[in-house]
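Trainee: Below: sequence and its predicted model.
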Amino acid sequence: MKRIYLDYAATTPCDPEVVRAMEPYFFEKFGNASSIYSFGQEAKKAVEDARDLLASFLGAKPEEIVFTSGGTESNNFCLQGSASALEKKGNHIITTVIEHHSISEPLRFLQEKGVKVSLVGVDKYGLVNPDDIKKAITDKTILISVMHANNEIGVIQPIAEIGKIAKEKGIYFHTDAVQTVGHIPVNVDELNVDFLSLSAHKFYGPKGVGALYIRKGSRLTRFLHGGDQERNRRASTYNTPGIVGLGKAIELCRDKMKEEASFQTALRDKLIKELPSKIAEVYFNGHPVKRLPNNVNFSIKYIEGESILLNLDLLGIACSTGSACTSSSLEPSHVLLAIGLPHEIAHGSLRITFGRWTKNEDIDYFLEHLPKIVQKLRAMSPLYSS
Ligand SMILES: *Cc1c(COP(=O)(O)O)cnc(C)c1O
């Protein structure tokens, strides 16, 4: 059977070149990068080469990069580390209603410990208004955290503008750039950020490795206590193969990103153009142009996303829905509710995300089969009368 993967926002396959680059660091070059003999030094060099590649990609300095276990740890590190480092300055953090759970959950945890959190809303496209951020600032604000691009609806936020406001007020600014690094240009100075999270498995690298960019001079309490790795900012033995994989993945993205983005934008716009001609009552979510090249999110009225997903899976197509079908709750996505979709429409939502190995034919196959599934499901739906 055909197998078509249209869920690159959930995770990407590792590029074979990434795997090849990692391989020597499992056996021949397995040394602990903190050891002073040659086994350790060759590992250390590989870690530092990866750090240089990543820093240069982000327009940062190598010493401003701390490798972590992924996006979730980077986000926790930044939020919890800021709350702790700046507790004498204040206890107020500003964020948005559409953040990933690896931002909203640590903030919930911090709220239980007395941190005040302001949640800024978004418009119908999912865009944050920088003025709303500005209005939320108090003299107790220690951090603003706004995601670069949303993982569900792909909307790209005005990070540089928000960063400018934060800078003027002398408040640290963090962005969760897990969905953008490797896909669109990300430069820490242009974006005016002090902290930035990223994760290798979202850009063709291995799972379980990521990084936090920490602007030089920023105060941040360490999150993992133990050894003195990462200039005393994050303990634990260096994940040499993972870090090497991240470095290789970023090198490949550096070389391929521009071309890939333009190919993906064409696929994206083809879906956006053709779906409404094949399916009645489909509505696109997110911003028409301020969006990731590889993301299409839409709602199909009168049917459940989960049913579509299962039917697509029978044809070998993998994508995501806007409701939490894997969890026990049937709550629709907080992002779709935040842009104002009613529950029943949010439930009928699909997210299609593609990447390096997606072909024109894959999108054609999807466009051929989805309308048939929709027709079948609608015929069974008590809500639908044609
Ligand atoms: C995937 C994702 C994360 C979590 O990254 P992990 O490396 O899987 O922990 C955080 N934020 C966003 C926006 C994501 O898409």
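Mentor: Yep, it's here. Residues are numbered from 1 along each chain as shown.
Trainee: Alongside the ligand, which residues does the stretch 51-200 of the chain contribute?
Mentor: When proximity is defined as C-beta under 6 Å from any ligand atom, the stretch 51-200 of the chain approaches the ligand at 70-72, 100, 102, 147, 151, 176, 178-179, 199. Just so you know, the C-beta spots here come from the backbone N, C-alpha and C atoms, and that holds for glycine as well.
Trainee: And stretch 167-180, end to end?
Mentor: 22 Å (C-alpha to C-alpha, to the nearest Å).
Trainee: got the buried residues for it?
Mentor: By neighbour count with 16 or more other C-beta atoms under 10 Å, stretch 167-180 contains the buried residues 171-180.
Trainee: related to what we said a few turns ago, reformat the residues of the stretch 51-200 of the chain next to the ligand as a markdown table; add pLDDT and secondary structure.
Mentor: Listed next are these as a markdown table, based on pLDDT from 0 to 100; DSSP: H, G, I helix; E, B strand; the rest coil:
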| residue | pLDDT | secondary structure |
| --- | --- | --- |
| 70 | 98 | coil |
| 71 | 98 | helix |
| 72 | 98 | helix |
| 100 | 97 | coil |
| 102 | 98 | helix |
| 147 | 98 | coil |
| 151 | 97 | coil |
| 176 | 98 | strand |
| 178 | 98 | coil |
| 179 | 98 | coil |
| 199 | 98 | strand |
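Trainee: can you tell me which two in the residues you listed are farthest apart?
Mentor: For those, the maximum inter-member distance is 15.3 Å, found between 70 and 147 (C-beta to C-beta).
Trainee: in terms of contact, does residue 272 touch residue 291 like I think?
Mentor: No: using C-beta atoms under 8 Å, residue 272 is not in contact with residue 291, being 9.7 Å away.
Trainee: after the helix or strand bottoming out on mean pLDDT in the chain comes which helix or strand?
Mentor: Lowest by mean pLDDT, DSSP states H and E among the helices and strands of the chain is helix 343-346, with a mean of 92. Following helix 343-346 in sequence order, the next helix or strand is strand 349-353 (DSSP states H and E).
Trainee: Quick one: the strands in the stretch 51-200 of the chain, in order.
Mentor: Secondary structure of the stretch 51-200 of the chain (DSSP state E, counting those that start in this stretch): strands located at 65-68, 92-96, 116-120, 141-145, 172-176, 195-199.
Trainee: Deepest-packed of those, please.
Mentor: strand 195-199 (a mean of 30; mean count of other C-beta atoms under 10 Å).
Trainee: Could you give the separation of it from the chain centroid?
Mentor: What separates the centre of strand 195-199 from the centre of its chain is 9 Å, taken as C-alpha atoms, centre = their mean, to the nearest Å.
Trainee: quick one: average confidence on the longest helix seen in the chain?
Mentor: Secondary structure of the chain per DSSP state H: the longest helix is helix 240-278. Computed over helix 240-278, the mean pLDDT rounds to 98.
Trainee: residue ranges of the helices in this protein, please?
Mentor: Residue ranges of the helices in the chain, as given by DSSP H, are 16-22, 38-58, 71-85, 101-112, 130-136, 159-169, 229-232, 240-278, 305-314, 334-338, 343-346, 360-380.
Trainee: Could you say which of those is packed most deeply?
Mentor: Taking mean count of other C-beta under 10 Å, helix 71-85 is the most buried of those, at a mean of 24.
Trainee: quick one, the longest helix of the chain and helix 38-58 angle?
Mentor: Angle, helix 240-278 to helix 38-58, by axes from the mean of the first three to the mean of the last three C-alpha atoms, to 10 degrees: 30 degrees.
Trainee: lowest-confidence stretch among the helices of the chain?
Mentor: Taking the mean pLDDT of the helices of the chain, helix 343-346 comes last: a mean of 92.
Trainee: which other helices and strands contact that one?
Mentor: Using 3 or more C-beta pairs under 8 Å, 6 or more residues apart in numbering; DSSP states H and E as the contact test, the elements touching helix 343-346 are helix 334-338.
Trainee: contact partners of the helix it packs on?
Mentor: The set of residues that contact helix 334-338 without belonging to it, under C-beta atoms under 8 Å, 6 or more residues apart in numbering, is 97-98, 104, 121-122, 126, 150, 152-153, 285, 299, 322, 343, 345-346, 349.
Trainee: Neighbour count says what about these? Which are buried?
Mentor: By the neighbour-count criterion of 16+ other C-beta under 10 Å, the contacts of helix 334-338 include these buried positions: 97-98, 104, 122, 126, 150, 152-153, 285, 299, 322, 345-346, 349.
Trainee: Distance to residue 59 added to those, as JSON lines?
Mentor: What follows is the buried ones among the contacts of helix 334-338, written out as JSON lines (distance: C-beta to C-beta, whole Å):
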{"residue": "97", "distance to residue 59": "29"}
{"residue": "98", "distance to residue 59": "26"}
{"residue": "104", "distance to residue 59": "28"}
{"residue": "122", "distance to residue 59": "27"}
{"residue": "126", "distance to residue 59": "26"}
{"residue": "150", "distance to residue 59": "23"}
{"residue": "152", "distance to residue 59": "28"}
{"residue": "153", "distance to residue 59": "27"}
{"residue": "285", "distance to residue 59": "31"}
{"residue": "299", "distance to residue 59": "37"}
{"residue": "322", "distance to residue 59": "34"}
{"residue": "345", "distance to residue 59": "40"}
{"residue": "346", "distance to residue 59": "37"}
{"residue": "349", "distance to residue 59": "35"}
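Trainee: Flag the least confident of those.
Mentor: Lowest pLDDT within those is found at residue 322 (74).
Trainee: Leaving out chain neighbours, which residue sits closest to that one?
Mentor: Sequence neighbours aside, residue 349 is the residue nearest to residue 322 in space, at 3.1 Å (criterion: C-beta to C-beta, 6 or more residues apart in numbering).
Trainee: contacting residues for the one you found?
Mentor: For residue 349, the contact set (C-beta under 8 Å, 6+ apart) comprises 285, 297-300, 305, 321-323, 332-333, 336, 341.
Trainee: Now with 6 Å, please.
Mentor: With contact taken as C-beta atoms under 6 Å, 6 or more residues apart in numbering, residue 349 is in contact with 299, 305, 322, 336.
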